[in-house]
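Q: Fold the following and give me the result.
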Amino acid sequence: MNLESFKHYRTGIPAIDTEHWWLFHLVDRAIATKDRDELEYVLGKLCADWSRHVAIEESVMSEAGFPYLEPHVLDHGSISQALASVRCAFTADGTIPDWRAHALEDLIRNHIDHYDMQYIDYIFKP
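A: Here you go, the predicted structure:
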């Protein structure tokens, strides 16, 4: 994802924006690479970094008393399952279909658009 496209997904919280950019970067690498070893590394990194991101984000939301935490957590779980599915598909044959990687990217985009922006609205409410 280029920087211009990413502007739409900025939350105004630098640490979260950096993590979101990094997650998109990893998905882009997974889509672009044709090297099995790199793909294996990128998928592992994506799973680990997603888990870390989720733990931090959910902790911050909980501490802030965010009233819509439960559906947010459920959506994190859906994305975690999609990541596991992509990783399992890779493990089986050493590749991932482009549609799976693009679907994963769409899940992250939709999550930021709907769930993360809802949190940002709550944090920065007047």
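Q: give me every residue that touches the most centrally placed residue in the chain.
A: Most central residue of the chain, judged by C-alpha distance to the mean C-alpha position with C-alpha atoms, centre = their mean, is residue 108 at 4.5 Å. Contact criterion C-beta atoms under 8 Å, 6 or more residues apart in numbering gives 20, 23-24, 27, 79 as the residues in contact with residue 108. No exception for glycine: its C-beta is placed from N, CA and C like everyone else's.
Q: quick check, nearest of those to residue 6?
A: Lowest distance from residue 6 to the contacts of residue 108 (C-beta to C-beta) belongs to residue 24, with 6.7 Å.
Q: Just the pLDDT at that closest one, thanks.
A: You'll see residue 24 listed with a pLDDT of 90.
Q: Hmm, it is touching residue 105, no?
A: Yes. Residue 24 is within contact range of residue 105, at 7.0 Å (criterion: C-beta atoms under 8 Å).
Q: Residue 34 in helix, strand or coil?
A: Reduced to three states with DSSP: H, G, I helix; E, B strand; the rest coil, the structure at residue 34 is coil.
Q: Ok, residue 105 next?
A: Going by three-state DSSP, the state assigned to residue 105 is helix.
Q: State the mean pLDDT of stretch 68-80.
A: The predicted model gives stretch 68-80 an average pLDDT of 96.
Q: buried sites along that stretch?
A: For stretch 68-80, the buried set under the neighbour-count rule, 16 or more other C-beta atoms under 10 Å, comprises 72, 75-76, 79.
Q: Show only the entries of those found in strands.
A: With strands identified by DSSP state E, none of the entries of the buried residues of stretch 68-80 belong to them.
Q: excluding its backbone neighbours, what's nearest residue 53?
A: Spatial nearest neighbour of residue 53, excluding adjacent residues (C-beta to C-beta, 6 or more residues apart in numbering): residue 19 at 4.8 Å.
Q: what's the spacing between that neighbour and residue 88?
A: Applying C-beta to C-beta, to the nearest Å, one obtains 24 Å for the distance of residue 19 from residue 88.
Q: Neighbour count for these two, which is higher?
A: When neighbours are counted by other C-beta atoms under 10 Å, residue 19 comes out ahead of the other of residue 19 and residue 88, with 19 against 11.
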